[in-house]
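Chemist: After the sequence you'll find the predicted model.
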Amino acid sequence: MAKLSMINREVRRVRTVEQYAARRAELKEIIRNPASTPEQRRDAQKRLQTQPRDASPVRGQNRCRLTGRPHGFYRKFGLARNKLREAAMRGDVPGLRKASW
């Protein structure tokens, strides 16, 4: 099980990303827009840099819903590999079977 502080940090990051998503998209659109002046671009980049680091979605780490494990994570199921295997063996994941050939 991951430390509770690490799990809480990720939850806080997700909330921060959601909170700043609209503002970030607005500023990025100004930066990408070829019609905006260099001063507007510079101002938008400056305002983007003053936002919190955790407002960037790439800083998020996917974690297992059950254990908080950050590695061996399957996005489709939201579980780490070991908990996914346990759930599959119990028959909790519809359509998922152990490979046999």
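Modeler: Alright, I've got the coordinates.
Chemist: quick one: the strands in this structure?
Modeler: Counting by DSSP state E, the chain has these strands, from start to end: 73-74, 79-80.
Chemist: tell me the most buried of these?
Modeler: strand 79-80 (a mean of 24; mean count of other Cβ atoms under 10 Å). All C-beta atoms are positioned from the backbone trio N, CA, C, and that covers glycine.
Chemist: Give me the contacts around that one.
Modeler: 64-67, 69, 71-74, 87 (Cβ atoms under 8 Å, 6 or more residues apart in numbering).
Chemist: got it, and stretch 5-25?
Modeler: Outside stretch 5-25, the residues touching it (Cβ under 8 Å, 6+ apart) are 48, 51-52, 54-57, 59-61, 63, 68, 70.
Chemist: Residue 66 is in contact with residue 73, correct?
Modeler: No: contact criterion Cβ atoms under 8 Å: residue 73 and residue 66 do not qualify, at 11.3 Å.
Chemist: Quick check: can you list the domain ranges of the chain?
Modeler: Segmentation of the chain into domains, based on automatic domain parsing, reads 1-61, 62-95.
Chemist: is it possible to export those to CSV including mean pLDDT?
Modeler: Below are those laid out as CSV (pLDDT from 0 to 100):
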stretch, mean pLDDT
domain 1-61, 95
domain 62-95, 95
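Chemist: ok, and which of these has the densest surroundings?
Modeler: domain 62-95 (a mean of 14).
Chemist: thinking again about what came up before, need the domains of the chain in JSON lines (columns: distance to residue 101).
Modeler: JSON lines is the format used below for these (distance: least, Cβ to Cβ, whole Å):
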{"stretch": "domain 1-61", "distance to residue 101": "34"}
{"stretch": "domain 62-95", "distance to residue 101": "17"}
